[in-house]
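J.: Have a look at this fold, sequence not included:
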């Protein structure tokens, strides 16, 4: 056997050993108060170096298919690179990107066999910390990367415990800057432990144990400012919420530290939680049914918390998101709720319902994940949602955000391109209800957020991520032809719709490979930025100097001002002297604007015109009210016959006008779009 083949088999063997070891821990699998997995999945994890494949929906939105792992993803974004994301899935399936588009796998080697429940965090310096349970479960290791998971340090024990961990970094410039905090149910299942690192993850010290008579999984930690009168200390509050009591009427207990996690004060104990879906074998289940028989997906009302570290109007607010049946009883369907506290968790606002489906009691909404943006204070929430499946056996992923401190939420946006089955019998998760993960995540830094979630479309644990807010991107052509010497073609970059995206879209283009002779010239007749949606950026590609004949690739990239969201599309350019050119061809003796063809059209039409001589040309589209819709051409063109393709895919049915201005020549014609 070749050395490379042996190496690949060794990678698979190590990965599978971790999964098998995790599956061997049956001690607490029958205990509904413990969130362990049941059995090994029936797949082989992807090896290091594998690159993810973007999946583009028919309406122009991307999701990233990262591979196949074992659910329970967590995701974080670098404070030094707004397009640098890292996600980790059970048991040790990691994915990284430094440009927001190209994702790669580089799983670290921990000192011992890992058990799962991965969570992640960056500090303000750009250091990445990845935490994972180990042993049978004995606690958690944390492993550090200083270069966004391109390479890894040596793992260190961060905390002892027996179930469900969490991690957070102080990303501020306060007195506890870059401290790392972690929590976990203790091994005796009598409470929750808390530990911290003050030396950038080199060592951790356990400083607290929160005693609980009946701990439930879901102890969480978050960092916020300490604000009192004129005092404002960045990172001055460390919040821990514990989850305990009866699963059908659990208690969220909020604790706060103002000394960097050395000591804590209990702020309040709240009974916000309750039933989630249907009770099956002592656990909550979504998608469960006795007739037809469906095992369903296990879940619980984890208390997801975040704090506003921005310097916006809601600085210092502590946020909580959770799910609970409406009405609060078995067999009903859960909604997502959000509350906030302005006094460190002592008192809480009344609940705001996050999902906006017309009849919220008719659908399941569960698995909320929460994040508050450090730059702008925007509160993001994502979740699973059955509103598009009347039988409630399939789900989508939805997301929204609040810009008013959690009081109201924007129109919910569907993230997934299609519904997928909740009950995934081929997933290998096992149990009744079936283990298909217990949490997922969302993160952001300044602009768009990035989600990490599990999609069961193929009956297994598909690992996915996606931007939100986001915009669609389409090219009007995927293949076009050019003459190597003369003329040019217009290919439109269309943004037919958005998902709450309202920022600028910046477009750049390149042609590869570089021709042996001649050059490609790329211009943007209407500019390379888009600020109104729907909208179009025309891209004109022309050959000069006798471009070498052959097939080339036009790559068009669009992104937001900080690099995210980012989308990439390609078109093939066939350069051949046999092409009767759509630009600068033939001899003409007058300026002329022709009627578009076809007309009526949907959504593509060709607009042709003659130029008596080289001229500065403007070709503009207007609606019936005279409002300018698009500037298709605004550049100098050679004399001759020209035609361009206009894509009206982003426009509504109606009458439109196109106007040409070339020197002293002006003309206008009507065209009809029928959809």
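T.: Nice, I can see it. Computed from a prediction, not measured in an experiment: that's the story for all the values here.
J.: all strands of the stretch 301-450 of the chain, in order?
T.: With strands called from DSSP state E, counting those that start in this stretch, the stretch 301-450 of the chain shows them at 304-307, 318-326, 333-341, 352-353, 365-372, 379-385, 394-402, 413-414, 420-421, 441-444, 449-455.
J.: all helices of the protein, in order?
T.: 3-24 (DSSP state H).
J.: Lowest mean pLDDT among the helices and strands, pick that one out for it.
T.: Within the chain, no helix or strand scores below helix 3-24, which has a mean of 38 by mean pLDDT, DSSP states H and E.
J.: Just put the strands of the stretch 301-450 of the chain in CSV and tack on mean pLDDT and mean neighbour count.
T.: Where you see a C-beta, it was placed from the backbone N, CA and C, and this is true even at glycine. Converted to CSV, the strands of the stretch 301-450 of the chain look like this (pLDDT from 0 to 100; neighbours: other Cβ atoms under 10 Å):
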stretch, mean pLDDT, mean neighbour count
strand 304-307, 98, 26
strand 318-326, 98, 25
strand 333-341, 98, 24
strand 352-353, 98, 15
strand 365-372, 98, 26
strand 379-385, 98, 27
strand 394-402, 98, 23
strand 413-414, 98, 17
strand 420-421, 93, 19
strand 441-444, 98, 24
strand 449-455, 97, 26
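J.: Format the ones you listed as JSON lines; extra columns: distance to residue 574.
T.: Converted to JSON lines, the strands of the stretch 301-450 of the chain look like this (distance: least, Cβ to Cβ, whole Å):
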{"stretch": "strand 304-307", "distance to residue 574": "52"}
{"stretch": "strand 318-326", "distance to residue 574": "52"}
{"stretch": "strand 333-341", "distance to residue 574": "50"}
{"stretch": "strand 352-353", "distance to residue 574": "54"}
{"stretch": "strand 365-372", "distance to residue 574": "46"}
{"stretch": "strand 379-385", "distance to residue 574": "43"}
{"stretch": "strand 394-402", "distance to residue 574": "39"}
{"stretch": "strand 413-414", "distance to residue 574": "37"}
{"stretch": "strand 420-421", "distance to residue 574": "38"}
{"stretch": "strand 441-444", "distance to residue 574": "41"}
{"stretch": "strand 449-455", "distance to residue 574": "37"}
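J.: Out of those, which is closest to residue 561?
T.: Closest to residue 561 of the strands of the stretch 301-450 of the chain, according to Cβ to Cβ: strand 441-444, at 14.1 Å.
J.: for the residue lying farthest from the centre of the chain, what are its contacts?
T.: Within the chain, the residue lying farthest from the chain centre (Cα atoms, centre = their mean) is residue 589, at 55.8 Å. Counting by Cβ atoms under 8 Å, 6 or more residues apart in numbering, residue 589 touches residue 612.
J.: Kindly report the same for residue 344.
T.: Under the criterion of Cβ under 8 Å, 6+ apart, the contact list for residue 344 reads 237, 239, 256, 267, 318.
J.: circling back to that earlier point, for residue 646, which of the strands of the stretch 301-450 of the chain is the nearest?
T.: Across the strands of the stretch 301-450 of the chain, closest to residue 646 is strand 413-414 (Cβ to Cβ), at 29.3 Å.
J.: Who are the packing partners of that closest one?
T.: Here strand 413-414 touches strand 394-402, going by 3 or more Cβ pairs under 8 Å, 6 or more residues apart in numbering; DSSP states H and E.
J.: how big is the angle separating the strand it packs on from strand 333-341?
T.: 20 degrees (axes from the mean of the first three to the mean of the last three Cα atoms, to 10 degrees).
J.: neighbouring strands for strand 394-402, and are they parallel or not?
T.: Strand pairing for strand 394-402, using DSSP bridges, gives strand 379-385 (antiparallel), strand 413-414 (antiparallel), strand 420-421 (antiparallel).
J.: and the first one, how far out from the chain's middle?
T.: From the chain centre to the centre of strand 379-385 is a distance of 11 Å (Cα atoms, centre = their mean, to the nearest Å).
J.: per-domain residue ranges of the chain.
T.: 3-60+72-175+183-468, 472-580, 583-675 (automatic domain parsing).
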